[in-house]
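Peer 1: attaching a predicted model along with its sequence, questions to come.
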Amino acid sequence: MNHPNPDSATLGALIRDLRKRKGFTLQELAGRIGRSVGFMSQIERGLSQPTVEDLNVIEKTLGVPTTYFFPKAEASACAWVTRPSERRTLSYARGVIDHLVSPDLSNRFCMLETVMEPGSDTGERHIMDSSEQAGYVLEGQLTMLVDGEQRTLEPGDAFHFRSGTPCRYSNLGTVRTKVLWIFS
């Protein structure tokens, strides 16, 4: 029997509540993101996790930024510092985990640390984020397909692209990959 992951259950509840507030039926949302009603129902019940690409399409359809779906943080001892144990985390299907590094989401940019296990990826479709993005590979290999051009990045490599640029990324290597992302 499938037991919901507490993180998946929380994410699913957020999606369901937002969908209802925005006046979408489950069928309408599933149709708009190109997924089955059964798949969306499993996500909303916390039985499945969306991929990065799924959540990207859901947030666009429902009109919220990605950061909307990160769990609420507990108050920190210092408003401008985050410690690893205080970071909000979002786990996706296909082996991708995002840790919100920024202590505050009300500024002009935010930072995420993405951790990808070998063989993980963002999904089969391109992501087109509304924010400008930059990143720095901390460890492992990051293979990126940005605007039709594929490159494999190593530790110390950096990238930057404009908002609305279609991209996908994956860890085709044999070790865990960590990337520091900056979003406007």
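Peer 2: Cool, got the structure.

Peer 1: and the closest residue to Gln49 other than its chain neighbours, backbone torsions?
Peer 2: Spatial nearest neighbour of Gln49, chain neighbours left out: Ala93 (4.2 Å); criterion: CB to CB, 6 or more residues apart in numbering. Any C-beta I mention is one placed from the backbone N, CA and C, and that applies to glycine too. Per-residue torsions, Ala93: phi -70, psi 160 (degrees, to the nearest 10).

Peer 1: pretty sure Ala134 is touching Arg162, no?
Peer 2: No: taking contacts as CB atoms under 8 Å, Ala134 lies outside contact range of Arg162: 10.3 Å.

Peer 1: okay, those two: which has more neighbours?
Peer 2: Higher neighbour count among Ala134 and Arg162: Ala134, with 15 against 11, using other CB atoms under 10 Å.

Peer 1: secondary structure element for the more buried one, which one?
Peer 2: Following DSSP states H and E, one finds Ala134 within strand 133-139.

Peer 1: which residues touch that strand?
Peer 2: Contact partners of strand 133-139, identified using CB atoms under 8 Å, 6 or more residues apart in numbering, comprise 113, 142, 153-161, 163, 165, 167, 175-184.

Peer 1: the residue nearest to Gln49 against Pro50, yeah?
Peer 2: Yes: applying CB under 8 Å, one finds Ala93 in contact with Pro50, separated by 6.2 Å.
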